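In: Quick one: sequence plus predicted model below, questions after.
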Amino acid sequence: MTATATATDLLLEATGVSKTYGAIVALKSASLAVRPGEVHALMGANGAGKSTLVKILSGAVRPDTGRIVVRGRERMAHSPAEARRHGIVSVYQEPSLIPDLDLRSNLRLTRTPVDAFRHWTNELGLPRVDLTEMARDIPLAAQRVIDLARALAIEPDVLMLDEMTAALPANLTERVLEVIGRQRGGDRSVIFISHRLIEIAAVCDRATVLREGETVGEVDVNPGSEERIVSLMLGEIAGQGPATTVAEARAAQQRQEGMTPRVAARALAGGTRLHDVSFELYPREVLGVVALEGQGQDELFDILSGAEHPRSGEVLVDGKAVSFHHPADAIRAGLVYVAADRAEALLMQRSVRENITLPVSARIRNWGLISLGAERKRVSEAVETLQIDARAGAEVRRLSGGNQQKVTIARWVAGGVNTMLCFDPTRGIDIRTKNQIYGLLRDLAAAGAAILIYTSELKEIQLVCDRAIVIFGGRVVAELPAAGADEAALLRAAYNLKHEAPMPEQIAAEAVAADSDTAQAAGSRGSVGGNV
Amino acid sequence: MTAADASVADVRRPFVGYLSDVIRRQAWLGGLIGLVAVLLIFTKVIQPTYDAQGIQFLAVSVLPLALAAIAQTIVVIAGGIDLSVAAMMAFTSVVAATQMLGRSDEFSVAVVVAVLVLGLLLGAINGILVVATRVADIIVTLAMSFVWAGCALYLAQAPVRSPRPWLQDLVNGAVVIEWIPKAFIVLAVTVVLVWIPLRWSRFGLAMYAVGSNKLAAFRSGVSVGRTKILAYTLAGLLAAIGGLALTAIKGQGDPLPGGFTLASVAAAVLGGVSLAGGRGGVVGPLLAVVILSLIQTDMTFLRLNSNLATVAQGVILIAVVMLGSLTQLRRRP
């Protein structure tokens, strides 16, 4: 640890903060020391405990243990209102404006002075803000900036920005970073959370790194510190020998033979985060998708599963362009979806059997009597294949999370799988069931299925995938064979750290130095996104 | 000079904001006012003798439901729903009637004050239960409606006659000229004393905020629980005023006063209050109450079966709300 400042010099100091949710340890022992006048980055991979720590600092969640000291006084907030009184204000990716109130009322709600608010909206590049406008009528990106201006206008001691730049357009991001950068050197501080190392390099003085619920280091941000931050986030990873794999070789062979990909995405864009994603998914392969939170993967899976329409680009299935208007279209084309949230997919009050046969019996031409014999046979086969513990099978909600997830997979297996889209399928599932699911996915691929899997656990990639693509800022930034896709490589790629790319701090310096009028120039747009 | 200008501007700003608010809501309110006008003209056409007396009768007959509708509106804006409005009205009405029975006028004034406090208490209990148990509003208030209705029936198995001339005088008849019924004055005073301060207080803002987006409100530093409890408490107060109005109008306390709960929800919806919370005001629901009542009156004048009036009310409710959501859909791409 490099912190040499004594406690009284610190603006905010959190020590020994821990929090468990049931059996899950979200924070083991986190600490954070913020000096006055600095912009302090809070870093950590998915599940490192960043968001829990932010929630605790902002008063939304109460920690099990720990101290929080603001300006030398013990200040444990029990609500966001109390945290505000202590001088800690947060801005999130999702703006906290009340949609049904006009801006003036929104300002009044948080006791924000109007003139100061106007000053900051001007600074942030929104000179004409109509205070009588309903918040819900304002474009989302502008709402995010307005939310930030509102927080700045209160002049909080500590301003926490939790991924607030993640969904901003590039020109606004630039203005935001510029304004945040100018906060340095005063009496107040900013805690800045972002997945983009380039932004960290551009505006932050120091960074605190969390790993598995613990603070593992404090780093002065300067040229070259990105590598150190990433290695702190990774910790010591036991070298897992080069994984695998026959399947990989086979898949590669198929590709060489010029097979038609089962699914091909061409320059897909959608929502506010997915900009340009292309890939091919071949039969008999498991393709991993790796991304930090909110890089467009949700939109990608929504489009592929027929829940949303792409803004541009196209999806080819077996070489033919398709257009899905409803998940039923995707299912008909053989693309079935397994969600992280089982509650999205299952009828919780119904039995295992009904849940497994639902996709089959829901087809309109099958309405009418259900052939119970055939159904029972198909269900018991699926239950057996997946080793579902169906003792509590009368109501799916009584099953464990792992068994529930197996049911969502089983429902598709029962009908015969062609292409399966899995979005973080093992989230919150015990290790034994995870391994069974990995095995199952491999078996399905071996039997000819094509499987696309997004996972927030990087070590899963080498366990189940043949290769992986990495998405950053809505674009594919890397493609790795499973053998080369260890956690370190994936995380570097996910943070878009490339050796051959220009040094990030150079671009960062440009970004900060950029004048307001050049901020919107096309050249600097790319630099913020980090894709030069 | 500049300071004075600034302060003038500051004073004017909320008013300008209010005006633009009114203009924005004008479409819906305008429609309701138009509907009221059409119904009044229609009434005059089918019943040429309809005059100030008729207006006075109208005012008296809408008063209890109007108060229930304000109570419901407050809770619905805060993102809840209160199915115990009618039961609280019954309970407070019966308490007022039984306690005033055979007592002096001075004592009955004290009873009125006590009943208002009782209303606050009933509402607070509703709110605290909703917040503390985290059970859905609709279930808690449904259960509490049985409790309050049971309390009312426990006190009186049948309507208790307990006429108070001074109380009856407060709502029956007219003031200054015969076209201004006292019941409307009571309503206006209630709106001015309860709603206007609420609308312009930070609590009022918090109420809209909680109804509109709970998480955003929480993050903006609003105490969600406290806001909800206060909204239910105010609803209890208004239900108590409604109960007193029932006692005053009929000169009796009735443990089974009728279907004010669902009618108040209908009035709120017809009046442009979103059941999802966060949107609407009280003017719309008050106009809606007048509309629902005029339909009933016209059916009587047309010598139609009064049960048909209920059918008509239902049809109008669906038609108007459907029309409203269609126009809103068109406005929003």
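Out: Perfect, I can see it now.
In: Tell me how many other residues surround the residue in the stretch 51-200 of chain B that chain A sits nearest to.
Out: Taking Cβ to the nearest Cβ, chain A has its nearest neighbour within the stretch 51-200 of chain B at residue B:77, 9.1 Å off. Where you see a C-beta, it was placed from the backbone N, CA and C, and this is true even at glycine. The tally of other residues near residue B:77 (other Cβ atoms under 10 Å in any protein chain shown) stands at 27.
In: Now it: phi and psi?
Out: phi -60, psi -40 (degrees, to the nearest 10).
In: Who are the contact partners of it?
Out: For residue B:77, the contact set (Cβ atoms under 8 Å, 6 or more residues apart in numbering or on different chains) comprises B:207-208, B:211, B:231, B:273, B:277-280.
In: just for the chain, where's the confidence low?
Out: The chain I'm using is chain A. Where chain A drops to pLDDT under 70, the residues are A:1-8, A:23, A:236-258, A:360-372, A:390-393, A:498-532.
In: Sorry, I should have been clearer: chain B.
Out: B:1-26, B:327-333.
In: now do 50
Out: B:1-12, B:331-333 (pLDDT under 50).
In: Could you pull out the helices in it for me?
Out: B:2-46, B:52-77, B:85-100, B:105-133, B:137-155, B:165-171, B:182-190, B:196-200, B:202-212, B:214-219, B:224-250, B:260-270, B:283-301, B:306-331 (DSSP state H).
In: which other residues reach the shortest one?
Out: Read that as helix B:196-200. Contacts of helix B:196-200 (Cβ under 8 Å, 6+ apart): B:14, B:74, B:204, B:207, B:234, B:281.
In: Now do the contacts for the second one.
Out: So that's residue B:74. Residue B:74 touches B:198, B:207, B:231, B:234-235, B:238, counting by Cβ under 8 Å, 6+ apart.
In: Most neighbours among the contacts of helix B:196-200, which one?
Out: residue B:74 (29 neighbours).
In: pretty sure residue A:75 contacts residue A:85?
Out: No. Assessed by Cβ atoms under 8 Å, residue A:75 is found out of contact with residue A:85, at 9.0 Å.
In: which of those two has more neighbours?
Out: In terms of neighbours (other Cβ under 10 Å), residue A:75 is the more surrounded of residue A:75 and residue A:85; the figures are 19 against 13.
In: State the distance from that one to residue B:192.
Out: Remark: distance between residue A:75 and residue B:192 (Cβ to Cβ, to the nearest Å) = 42 Å.
In: Residue B:286 now?
Out: For residue B:286, the distance to residue B:192 - Cβ to Cβ - is 13 Å.
In: neighbour count winner among these two?
Out: More crowded of residue B:286 and residue B:192, by other Cβ under 10 Å: residue B:286, with 24 against 10.
In: List the residues that contact the more buried one.
Out: Neighbours of residue B:286 in contact, by Cβ under 8 Å, 6+ apart: B:66, B:69-70, B:187, B:191, B:267, B:271.
In: what does residue B:36 give?
Out: Taking Cβ under 8 Å, 6+ apart, one finds B:287, B:290-291, B:294 in contact with residue B:36.
In: Out of these, the closest to residue A:117 would be?
Out: Distances from residue A:117 to these, taken as Cβ to Cβ, are shortest for residue B:287 (35.7 Å).
In: Now that that closest one has come up, it's in contact with residue B:31, right?
Out: No. Using Cβ under 8 Å as the test, residue B:287 is too far from residue B:31 to be in contact (9.4 Å).
In: Which residues of chain A lie near chain B?
Out: A:58, A:60, A:79-81, A:84, A:90, A:92, A:94-102, A:104-106, A:108-110, A:131-132, A:134 (Cβ under 8 Å from any Cβ of the partner chain).
In: got the residues of the stretch 101-250 of chain B near chain A?
Out: Counting by Cβ under 8 Å from any Cβ, the stretch 101-250 of chain B sits next to chain A at B:202, B:205-206, B:208-209, B:211-213, B:215-223.
In: filter those to the buried ones?
Out: Those of these that meet the buried threshold are B:205-206, B:208-209, B:211-213, B:216-223, by 16 or more other Cβ atoms under 10 Å in any protein chain shown.
In: Can you give me the distance of residue A:302 to chain B?
Out: 20 Å (Cβ to the nearest Cβ, to the nearest Å).
In: which element is that residue on?
Out: helix A:297-304 (DSSP states H and E).
In: Identify the residues contacting that helix?
Out: With Cβ under 8 Å, 6+ apart, helix A:297-304 has contacts from A:263, A:265, A:268, A:270-271, A:273-274, A:277, A:289, A:291, A:308-310, A:315, A:324, A:330, A:335, A:337, A:421, A:423, A:452, A:454, A:471.
In: residues near residue 150, how many?
Out: Reading this off chain A. Using other Cβ under 10 Å, residue A:150 is surrounded by 25 other residues.
In: My question was about chain B, not that one.
Out: The burial count assigned to residue B:150 is 13, neighbours taken as other Cβ under 10 Å.
In: quick one, the helix or strand just after the helix holding residue A:302 and helix A:297-304 angle?
Out: Heading C-terminal from helix A:297-304, the first helix or strand you meet, by DSSP H and E, is strand A:312-317. Interaxial angle of strand A:312-317 relative to helix A:297-304 (axes from the mean of the first three to the mean of the last three Cα atoms, to 10 degrees): 60 degrees.
In: Could you list the buried residues of strand A:312-317?
Out: A:313, A:315-317.
In: can you check stretch A:111-128 too?
Out: A:112, A:116-118, A:120-121, A:123-126.
In: List the contacts of that stretch.
Out: Taking Cβ under 8 Å, 6+ apart as the rule, stretch A:111-128 contacts A:104, A:107, A:129, A:131, A:142, A:145-146, A:148-150, A:152-155, A:171-172, A:175-176, A:179, A:516, A:519.
In: let's see it at 6 Å
Out: A:107, A:129, A:145, A:149-150, A:152-154, A:175, A:179 (Cβ atoms under 6 Å, 6 or more residues apart in numbering or on different chains).
In: C-alpha coordinates for that stretch, PDB please?
Out: The C-alpha trace of stretch A:111-128 is given here as PDB (Å, rounded to 0.1, in the frame of the first residue of the first chain):
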ATOM      1  CA  ARG A 111     -32.500  20.800  -2.800                       C
ATOM      2  CA  THR A 112     -30.200  21.700  -5.700                       C
ATOM      3  CA  PRO A 113     -29.600  25.300  -6.400                       C
ATOM      4  CA  VAL A 114     -30.900  26.200  -9.900                       C
ATOM      5  CA  ASP A 115     -28.100  28.600 -10.800                       C
ATOM      6  CA  ALA A 116     -25.300  26.200  -9.900                       C
ATOM      7  CA  PHE A 117     -27.200  23.500 -11.800                       C
ATOM      8  CA  ARG A 118     -27.300  25.800 -14.900                       C
ATOM      9  CA  HIS A 119     -23.600  26.500 -14.500                       C
ATOM     10  CA  TRP A 120     -22.800  22.800 -14.600                       C
ATOM     11  CA  THR A 121     -25.100  21.900 -17.500                       C
ATOM     12  CA  ASN A 122     -23.300  24.600 -19.500                       C
ATOM     13  CA  GLU A 123     -20.000  23.200 -18.500                       C
ATOM     14  CA  LEU A 124     -21.100  19.700 -19.500                       C
ATOM     15  CA  GLY A 125     -22.200  20.800 -22.900                       C
ATOM     16  CA  LEU A 126     -26.000  21.100 -22.500                       C
ATOM     17  CA  PRO A 127     -26.500  24.900 -22.600                       C
ATOM     18  CA  ARG A 128     -30.200  24.900 -23.200                       C
END
